[in-house]
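A.B. asks: my questions concern the predicted model and sequence given below.
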Amino acid sequence: MTDTTLTETAALDALRQVIDPEIGCNIVDLGMVYSVQINGGCVRVIMTLTTPGCPMSESIAAGVQNALLALEPVTDAQVELTFDPPWHPAMMTEAGRAMTGARF
């Protein structure tokens, strides 16, 4: 029998495939993912966008769902957008800063 337990690390690795098209960097390294909650086959992601009026919000949320649903044993992926706290470039990882050239 194969162990198909999903970990937060595996979910975050999958979410690194989701790129913010305006910035050209993945949402994890941009610091946009606030939490990943796993309950069996259901994954709930609480995340933000760089601005509340982001025109790519639906596309990014769909990308998150698709990336998670591609993982075993995920059967349901929920995305909750929040703007509390608001995103700031200081939330980026070192890798994100290197990819975008941001300095803080």
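C.D. replies: Received, thanks.

A.B. asks: packing partners of the lengthiest helix in the chain?
C.D. replies: When the chain is parsed with DSSP state H, its longest helix is helix 57-69. Counting contacts by 3 or more CB pairs under 8 Å, 6 or more residues apart in numbering; DSSP states H and E, helix 57-69 packs against helix 8-15, strand 42-47, strand 76-81. Where C-beta positions appear, they are placed from N, C-alpha and C, glycine not excepted.

A.B. asks: tell me the angle the longest one makes with strand 76-81.
C.D. replies: What it means is helix 8-15. Taking axes from the mean of the first three to the mean of the last three CA atoms, to 10 degrees, one finds that helix 8-15 is oriented at 70 degrees with respect to strand 76-81.

A.B. asks: quote the end-to-end distance of stretch 35-45.
C.D. replies: End-to-end distance for stretch 35-45, by CA to CA, to the nearest Å: 6 Å.

A.B. asks: same question, stretch 66-80
C.D. replies: One end of stretch 66-80 to the other measures 14 Å (CA to CA).

A.B. asks: give me the contact list for it.
C.D. replies: Applying CB atoms under 8 Å, 6 or more residues apart in numbering, the external contacts of stretch 66-80 come out as 4-6, 10-11, 14-15, 17-18, 40-47, 61, 64-65.

A.B. asks: any regions of this protein where pLDDT drops low?
C.D. replies: Scanning the chain for pLDDT under 70 picks out the ranges 1-3, 104.

A.B. asks: who's in contact with residue 17?
C.D. replies: Contacts for residue 17 (CB under 8 Å, 6+ apart) come out as 26, 63, 67.
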